[in-house]
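Chemist: can you look at this prediction? I've put the sequence above it.
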Amino acid sequence: MHPVVISGVGLWHPEDVITNEELVTAYNVYVERYNETHDDELPASSAEFIEKASGIRQRYTYRKAGVLDPERMRPQLEVRGDDELSHQAEFALNAARPALAAAGKTAEDIDMVIVSCAYTQRSYPAIAIEVQAALGIEGSAFDMLVACSAATFALQRAHDAIAAGSARAVLVINPELTSPQVNYCDRDGHFIFGDVATAMVLERGQDAGADHVYDVLGLRAKTVYSNNIRSNFGYLSYADDSDPYAADKLFHQNGRKVFKEVCPMAADHLQQQVGELGLSTEDIRRWWLHQANINMNQLIIRRLLGSEPGQDIAPIVLDEFANTASAGSIIAFARHHEDLEAGDHGVICSFGAGYSIGSLVLRKR
Ligand code: CO8
């Protein structure tokens, strides 16, 4: 078994920003118009509620204009031909290139590409293979879907491939183009998601020469079936005559239940994992947690440490990025890892749809 390290991280986000105020203004105009012409009444949204309930202040969105048009209420993406770079591959490349640069690696060093995220824009050919070709990487590539835990579960696949000797280095990319799956007409969910791409390079410990290298000490994955976060979007709509654009085909959730059920699961999971490695939760210098809701992260850290988390212990990035499905914990890592000292421990952890929880315990070299 080869020791495995994380040696590079990349982060990219679209230029367009939507603030809570902009989002709510567009939504409320939509609601006003809807209520004038329908018997049932839609409720208005408020920027104050959004920030208080979630901690989100803004989100990056790939194509802002359509989302803020009360006549459209969804992004408007241009159709790209089969011979053009796809939207999601472009996202992926924008994060992959800085990750490779940070690790000091080129295409020749990479044996495997995993694109792992909440949705891929098509089933085949895999987005990962398109990215592999664009970067000129030999070896193999595949897509993986595990909703919020797509990044952490893919890091585990990469780790196992390197440890077992089937790849020298693996590029894991999370092109989270979430906005086309958001129901911007739904007050409970219209504010939750943002678009972003993250990437990481994992390699054999003996090959790493980057400035910031992290030994992977432990990995853990857990899933428990739940319908509380769901999207019925899928290829069967063509055959079962259901409306492919109906509300149930978009992201929907019972947010309160998710909150109540997932927080204790995640805290117990992390407590056990850290303990199994002979560490206590106080030994963890930084927690790069999933970024769905600031109150969730604060509750989990309070359960783990018995104290209020600060930005230094458990950094929050969702105020700027919103929930970016699987990329949230990787953004937190990308923005907040360089100040760690040799020997410091950190934990990357995702939790969400499935339910799924994925975590890695790291130690800085
Ligand atoms: N503006 C004003 N008022 C509102 C709004 C709004 N926008 N929304 C709800 N309210 C009202 C409600 O109607 C309710 O009113 P009342 O008390 O009169 O009934 C009141 O505010 C409280 O509503 P909630 O109970 O719903 O509010 P919460 O305090 O629970 O906050 C949250 C709602 C923010 C959704 C919160 O429950 C939460 O964050 N839960 C955790 C959710 C979570 O982590 N989900 C994970 C989803 S992500 C994931 O797993 C990945 C999926 C794949 C990616 C998908 C990409 C698109």
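Modeler: Nice, I can see it.

Chemist: avg pLDDT for the biggest helix by length in the chain?
Modeler: Longest helix in the chain by number of residues (criterion: DSSP state H): helix 255-276. Across helix 255-276, pLDDT averages out at 96.

Chemist: now do whichever helix or strand comes after that helix and helix 255-276, the angle between them.
Modeler: Using DSSP states H and E, the helix or strand that follows helix 255-276 in sequence is strand 284-289. Per axes from the mean of the first three to the mean of the last three C-alpha atoms, to 10 degrees, the angle that strand 284-289 makes with helix 255-276 is 150 degrees.

Chemist: could I have stretch 219-237 exported to CSV, CA atoms only?
Modeler: What follows is stretch 219-237, C-alpha atoms only, in CSV (Å, rounded to 0.1, in the frame of the first residue of the first chain):
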residue,chain,number,x,y,z
LEU,A,219,-11.2,8.0,5.3
ARG,A,220,-14.8,7.2,6.2
ALA,A,221,-18.0,7.0,4.1
LYS,A,222,-21.6,6.4,5.3
THR,A,223,-25.0,6.4,3.6
VAL,A,224,-28.5,6.1,5.0
TYR,A,225,-31.5,6.2,2.6
SER,A,226,-33.7,9.2,3.0
ASN,A,227,-36.2,11.0,0.8
ASN,A,228,-35.8,14.3,2.6
ILE,A,229,-33.6,15.7,-0.1
ARG,A,230,-34.7,14.6,-3.6
SER,A,231,-34.8,15.3,-7.3
ASN,A,232,-36.8,13.0,-9.6
PHE,A,233,-35.0,14.4,-12.7
GLY,A,234,-33.9,11.6,-14.9
TYR,A,235,-34.1,9.8,-18.2
LEU,A,236,-37.3,8.0,-17.5
SER,A,237,-39.5,11.1,-18.0
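
Chemist: in it, what's buried?
Modeler: 219-222, 226, 228-229, 231, 233 (16 or more other C-beta atoms under 10 Å). C-beta: built from backbone N, CA, C; applies to glycine.

Chemist: take those residues and lay them out in JSON lines including pLDDT and distance to Ala325.
Modeler: Formatted as JSON lines, the buried residues of stretch 219-237 follow (pLDDT from 0 to 100; distance: C-beta to C-beta, whole Å):
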{"residue": "Leu219", "pLDDT": "97", "distance to Ala325": "20"}
{"residue": "Arg220", "pLDDT": "96", "distance to Ala325": "20"}
{"residue": "Ala221", "pLDDT": "97", "distance to Ala325": "16"}
{"residue": "Lys222", "pLDDT": "97", "distance to Ala325": "18"}
{"residue": "Ser226", "pLDDT": "98", "distance to Ala325": "16"}
{"residue": "Asn228", "pLDDT": "97", "distance to Ala325": "16"}
{"residue": "Ile229", "pLDDT": "97", "distance to Ala325": "11"}
{"residue": "Ser231", "pLDDT": "96", "distance to Ala325": "11"}
{"residue": "Phe233", "pLDDT": "95", "distance to Ala325": "14"}
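
Chemist: now the residues you listed in CSV, with secondary structure and distance to Ala164?
Modeler: As requested, these are exported to CSV (DSSP: H, G, I helix; E, B strand; the rest coil; distance: C-beta to C-beta, whole Å):
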residue, secondary structure, distance to Ala164
Leu219, strand, 13
Arg220, strand, 18
Ala221, strand, 17
Lys222, strand, 22
Ser226, coil, 31
Asn228, coil, 35
Ile229, strand, 32
Ser231, coil, 33
Phe233, coil, 34
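
Chemist: which residues of this protein lie near the ligand?
Modeler: Selection of the chain residues close to the ligand by C-beta under 6 Å from any ligand atom yields 45-46, 49-50, 53-54, 118, 147-148, 178, 181-182, 187-188, 191, 193, 229, 251, 253, 255-256, 258-259, 292-293, 296, 323, 325, 352-353.

Chemist: list only buried entries from these.
Modeler: For these, a burial check counting by 16+ other C-beta under 10 Å picks out 45-46, 50, 53-54, 118, 147-148, 178, 181-182, 187, 191, 193, 229, 251, 253, 255, 258-259, 292-293, 296, 323, 325, 352-353.

Chemist: among the residues of the chain next to the ligand, which are located in strands?
Modeler: Taking DSSP state E, the ones among the residues of the chain next to the ligand that sit in strands are 229, 253, 352.

Chemist: in stretch 273-289, which residues are buried?
Modeler: 273-274, 279, 281, 284-289.

Chemist: among these, list the two that are farthest apart in space.
Modeler: Leu279 and Leu289 (16.8 Å; C-beta to C-beta).
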